[in-house]
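# Let me see the structure of the following:
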Amino acid sequence: MNNIKNIFIKLGDIDRRYIFILILLSVLIPLLKPNWVNIPIKTTKNSEIVFTEINNLSAGDKILISFEYGASTKPEIHPMSIALLNHLFYKGVKVYIVALWPDGVMMAADAINEVLDSKLFNLTEGYDYVNLGYKPGGQVVIRGIATDIRALYTQDINLTLLDEIPMMEGINNITDFDFVFDLSAGVPGNAEWVQYACDEYKIPLSSGCTSIMVTDAIPYVESGQLRGILAGMPGAAEYENLVYNYLSNNKENASTENHIDKNQEKYNKYNDVEWWRKNIDPSSTDLTKRLQSFLGIRVDGFFGYETEKYWIAVVDNHNNKILSESKNTYVADESISGFMNSEVMLQRGKATSRMSAQSITHLLMVVFIILGNISYYLKRKKTLIKEPV
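Okay, the predicted model is just below:
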């Protein structure tokens, strides 16, 4: 018994620099190596609802995502946007982005770039996602999107006209979307989307917001006007964990075959001999090289020479190339996209790593406080025994 008491007393005398080092490691390891730390995350009902609603979307469905946060709230909301985009792109859902805050444009671009840099998906702008940029006006913009989106937006963030963007075909107002997701840190936010667009036109809406906004949004959740809500960094971590587990469980089953329906319109386009005649000039060296690279045929002998036999051969070879690549993660044609690369290792999200760092550090601090108090009590008791009153 005395040996145990002595151990506690010695722990109380430990050099505080060792404590600082342990606290530092408890923060750095989860942040730098998130896959090393796997702390169980208890998922709340609202986060599960959001996940289920997004998971029920089908390939080819259209979702409008509104970015309404900036640098000050990025740590809370940005991880939600990354997890959301990963979930949507895996499902083959077409993503339409708008920003109602000026900073939202940068946040959206950063989120898309992070997904692209992960190499998880083979995405093509204009086919899989489009960023329409920022418009001032808040509620007025939301109402404009609800009634006539083309009256507000004539081009995307790259100054490409909407009529030249394939995925904008047939998009005129809020009813052309299957779902709306709001990422907000203030006004305008989820309340405005409920009041000025989604509730009136019966479009499903979910939201991710800062922790401080949750109490204002809960009435909309309880009434069913919001399909769940991601509440601050804990909500982001919960959703990240759900998406991570979902992608991990389905990673080995991800194949070209799972996404053929989503890209059927592009297959039909490329199977049309007339399309090749109008869009591919065999006398163009650059286009010839591109044809040769992804169709797997030699076309350099056809310069300036168009025949029915040639174009039929192009289409046949293209179809054969698709079939030969059907068991691989990517197909040869870069514009046919939406596939998860099974060779890329999945990473846990930043919210998960931040919550892990926070949890471990808090637990370590509680342990040190308990040990310190026990050590103080034993030393104090020992002193009183030696010095009786």
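# name the helices or strands packed onto the lengthiest helix in the chain?
If you go by DSSP state H, the chain has its longest helix at helix 350-386. Packing contacts for helix 350-386, counted by 3 or more CB pairs under 8 Å, 6 or more residues apart in numbering; DSSP states H and E, involve helix 2-12, helix 16-32, helix 74-91, helix 232-250. For every residue, glycine as well, the C-beta is placed using N, CA and C.
# most tightly surrounded among these?
Among those, helix 74-91 has the highest mean neighbour count (mean count of other CB atoms under 10 Å), at a mean of 24.
# Please pull up the helix or strand immediately following it.
Moving toward the C-terminus from helix 74-91, the next helix or strand (DSSP states H and E) is strand 94-99.
# immediately after that next one, which helix or strand?
helix 102-117.
# what's next to the next helix or strand after that following helix, contact-wise?
Later in the chain than helix 102-117, the nearest helix or strand by DSSP H and E is strand 129-134. Strand 129-134 has contacts (CB atoms under 8 Å, 6 or more residues apart in numbering) with 89, 94-102, 104-105, 108-109, 112, 123, 153, 156-158, 165, 167-168.
# same thing but at 7 Å, please
Residues from elsewhere that reach strand 129-134 (CB atoms under 7 Å, 6 or more residues apart in numbering): 95-99, 102, 104-105, 108-109, 112, 123, 153, 156-157, 165, 167-168.
# that older thread, Throw the helices and strands packed on helix 350-386 into a markdown table and include distance to residue 356 and mean pLDDT, thanks.
Shown next, in a markdown table, are the helices and strands packed on helix 350-386 (distance: least, CB to CB, whole Å; pLDDT from 0 to 100):
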| stretch | distance to residue 356 | mean pLDDT |
| --- | --- | --- |
| helix 2-12 | 25 | 76 |
| helix 16-32 | 4 | 84 |
| helix 74-91 | 13 | 92 |
| helix 232-250 | 8 | 87 |
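# Residue 174: which of those is closest?
With CB to CB as the measure, helix 74-91 is the member of these nearest residue 174 (17.9 Å).
# Distance from the chain centre to that closest one, please.
2 Å (CA atoms, centre = their mean, to the nearest Å).
# Put the alpha carbons of that helix into PDB.
Output of helix 74-91 as PDB, limited to C-alpha atoms (Å, rounded to 0.1, in the frame of the first residue of the first chain):
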ATOM      1  CA  LYS A  74     -14.300  27.800 -41.400                       C
ATOM      2  CA  PRO A  75     -13.000  25.400 -38.700                       C
ATOM      3  CA  GLU A  76     -16.600  24.400 -37.800                       C
ATOM      4  CA  ILE A  77     -18.300  24.400 -41.200                       C
ATOM      5  CA  HIS A  78     -15.700  23.600 -43.800                       C
ATOM      6  CA  PRO A  79     -15.200  20.000 -42.700                       C
ATOM      7  CA  MET A  80     -19.000  19.500 -43.300                       C
ATOM      8  CA  SER A  81     -18.600  20.800 -46.900                       C
ATOM      9  CA  ILE A  82     -15.800  18.400 -47.600                       C
ATOM     10  CA  ALA A  83     -17.600  15.400 -46.300                       C
ATOM     11  CA  LEU A  84     -20.800  16.500 -48.100                       C
ATOM     12  CA  LEU A  85     -19.000  16.800 -51.400                       C
ATOM     13  CA  ASN A  86     -17.300  13.400 -51.000                       C
ATOM     14  CA  HIS A  87     -20.700  11.800 -50.200                       C
ATOM     15  CA  LEU A  88     -22.400  13.400 -53.100                       C
ATOM     16  CA  PHE A  89     -19.700  12.700 -55.700                       C
ATOM     17  CA  TYR A  90     -19.600   9.100 -54.600                       C
ATOM     18  CA  LYS A  91     -23.300   8.900 -55.100                       C
END
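# So what angle separates the directions of that helix and strand 129-134?
Angle, helix 74-91 to strand 129-134, by axes from the mean of the first three to the mean of the last three CA atoms, to 10 degrees: 140 degrees.
# quick one: contacts for residue 208?
77, 80, 183, 230, 235, 236.
# Name the nearest of those relative to residue 21.
Closest approach between the contacts of residue 208 and residue 21, by CB to CB: residue 236, at 29.0 Å.
# For residue 197, see how far away the closest one is.
To residue 197, residue 236 is 24 Å away according to CB to CB, to the nearest Å.
# Off-centre distance for stretch 73-88?
That offset, for stretch 73-88, works out to 5 Å (CA atoms, centre = their mean).
# now do stretch 138-158
In terms of CA atoms, centre = their mean, the centre of stretch 138-158 is set 23 Å apart from its chain centre.
# Is it correct that residue 236 is in contact with residue 229?
No. Here residue 236 lies out of contact with residue 229, judged by CB atoms under 7 Å, at a distance of 11.4 Å.
# any idea how this structure splits into domains?
If you go by automatic domain parsing, the domain ranges for the chain are 2-38+349-386, 45-254, 261-324.
# Quick check: phi and psi at residue 203.
In terms of degrees, to the nearest 10, the main-chain angles of residue 203 are phi -100, psi 130.
# neighbours around it, how many?
Counted with other CB atoms under 10 Å, the neighbours of residue 203 add up to 18.
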